[in-house]
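# need a structure here:
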Amino acid sequence: MSDGGSSSRTRHDLGAARRELLETLLEEEGIDLQSAVKIHPRQCFDNLPLSFAQERLWFLGQLEPGNPVYNICRAYRLTGPLDLNVLTLSLNEVVRRHEVLRTTFPAVDGRPIQLVASALTLTVKIIDLQEIGRTYREVELLRIAIEESRQSFDLALGQ
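Down below sits the predicted model:
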């Protein structure tokens, strides 16, 4: 009978072996991980100016409020069983790691700033189409996808 720890140790050892293999392959390419510059998380989040690209996007949002033209939409078809909890946790981990996904652009004294939320929790919207026949299900799925892609995004509120 196995204790819970041996499986964990095996995974850890496998992770260490993969890292060692990666380091060896990178060294063969002349890349030294030890001397690589590390990017550290920002410490100050107060009144950050916008980049040129962010400012342009903010300006266009002021010029035409509610215009979804800059939305980038993607749809993926997943087959097989889906663990909704794992999907939600995974998406939230991506958001936790990337502050740009938690950044809004409110205006202060008429000028936009970056406001980075310390935390943001996403919820996955579920639309159950199982009761609709297969042919109509595809039509309804396409209609919903188009409707979602046309939703505007408020840069000041992040919604």
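# quick one: the helices in the protein?
Secondary structure of the chain (DSSP state H): helices at 4-28, 52-63, 84-97, 134-149.
# tell me the mean pLDDT over the longest one?
What it means is helix 4-28. Helix 4-28 comes out with an average pLDDT of 73.
# follow-up on the earlier one: L115 is nearest to which of the helices of the chain?
Proximity to L115 (CB to CB) singles out helix 52-63 among the helices of the chain, at 11.7 Å. Just so you know, the C-beta spots here come from the backbone N, C-alpha and C atoms, and that holds for glycine as well.
# sorry, back to before: now for the helices of the chain, which one comes closest to A119?
Judging the helices of the chain by CB to CB, what sits closest to A119 is helix 84-97, at 7.4 Å.
# Next, the buried residues of that closest one.
When burial is assessed from 16 or more other CB atoms under 10 Å, helix 84-97 yields the following buried residues: N92, V95.
# send the alpha carbons of that helix over as CSV?
The C-alpha trace of helix 84-97 is given here as CSV (Å, rounded to 0.1, in the frame of the first residue of the first chain):
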residue,chain,number,x,y,z
LEU,A,84,-15.8,23.1,-15.0
ASN,A,85,-14.1,23.6,-11.7
VAL,A,86,-10.7,22.9,-13.2
LEU,A,87,-11.4,25.2,-16.2
THR,A,88,-12.5,28.0,-13.9
LEU,A,89,-9.4,27.5,-11.6
SER,A,90,-7.1,27.5,-14.7
LEU,A,91,-8.6,30.7,-16.1
ASN,A,92,-8.3,32.4,-12.7
GLU,A,93,-4.7,31.3,-12.4
VAL,A,94,-3.9,32.9,-15.8
VAL,A,95,-5.6,36.2,-14.6
ARG,A,96,-3.7,36.0,-11.3
ARG,A,97,-0.4,35.7,-13.1
